[in-house]
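[1] Take this sequence and fold it.
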Amino acid sequence: MTDFLGRGTWRSGALVSFFLTLLVSGSVLAVRLSRGHLSMAWLASAVVTLGAILCATSLDVFTRPPTLREERRASLLSAHAFGVVVGLGLVHVALVLRGTSIDPALVERPSQLVNDLVLVGAILSVCWSLDAASLVTRVGVPVLALVVVAAYRATANRWHADGFPGFAVQRFVVHQCVATLGALFLFDVFRPRGPAR
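    Numbering: from 1, shown residues only. Okay, here's the model as predicted:
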């Protein structure tokens, strides 16, 4: 029975992170296609933030009951990593094959993956920190995520490969990281609490 639940938890975790990655990569692509148009950035921001809140909620649900918590957390960590890899691979392979037919200014290089990885990595790490019991983890992981985002912002010119000027995509990633981290913090403060873990 436990083995069945473990496989179900792994599949569910992989699907959650896969769809979150599709939302993140799709939002980054939408901002690339619109050249950072404000209304598109706002819409993409709302979609990604909703996806992040659903991901944080799923972690709480998938790690019940407390007796299976640690076992399921280990399973979910590998499942999330798998979902991210498959999601990023799917989007970027599709862009390599069809990107220039969508928009000739789109350029796919390995550096473009960093835009998506920073955003999805920050979101997942903060979701995981909200599920942690240790105060050090709950505070330290978001601070570390913000340090990574700051380093990404400082090196924005390395991650821009598209054939249009400016760093609209990199600005979106930075703003979205900060906005989503803030939204997850508020979600964690105001969400109903279940029984003590």
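[2] from here on, contacts and neighbour counts on C-alpha atoms
    Will do.
[3] all helices of the protein, in order?
    2-34, 38-62, 69-102, 110-130, 135-154, 168-190 (DSSP state H).
[4] Redo these as a markdown table? Include distance to residue 160, mean pLDDT and mean neighbour count.
    Formatted as a markdown table, the helices of the chain follow (distance: least, C-alpha to C-alpha, whole Å; pLDDT from 0 to 100; neighbours: other C-alpha atoms under 10 Å):
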| stretch | distance to residue 160 | mean pLDDT | mean neighbour count |
| --- | --- | --- | --- |
| helix 2-34 | 10 | 82 | 20 |
| helix 38-62 | 17 | 87 | 18 |
| helix 69-102 | 15 | 84 | 17 |
| helix 110-130 | 7 | 91 | 21 |
| helix 135-154 | 11 | 93 | 15 |
| helix 168-190 | 7 | 91 | 18 |
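[5] Nearest to the spatial middle of this protein, which residue is it?
    For the chain, residue 120 is the residue whose C-alpha lies nearest the centre (C-alpha atoms, centre = their mean; 2.2 Å).
[6] Enumerate every residue touching that one.
    Neighbouring residues of residue 120 by C-alpha atoms under 8 Å, 6 or more residues apart in numbering: 20, 21, 24, 84.
[7] TSV for the helices of the chain, including distance to residue 161?
    TSV is the format used below for these (distance: least, C-alpha to C-alpha, whole Å):
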stretch	distance to residue 161
helix 2-34	11
helix 38-62	19
helix 69-102	13
helix 110-130	7
helix 135-154	15
helix 168-190	10
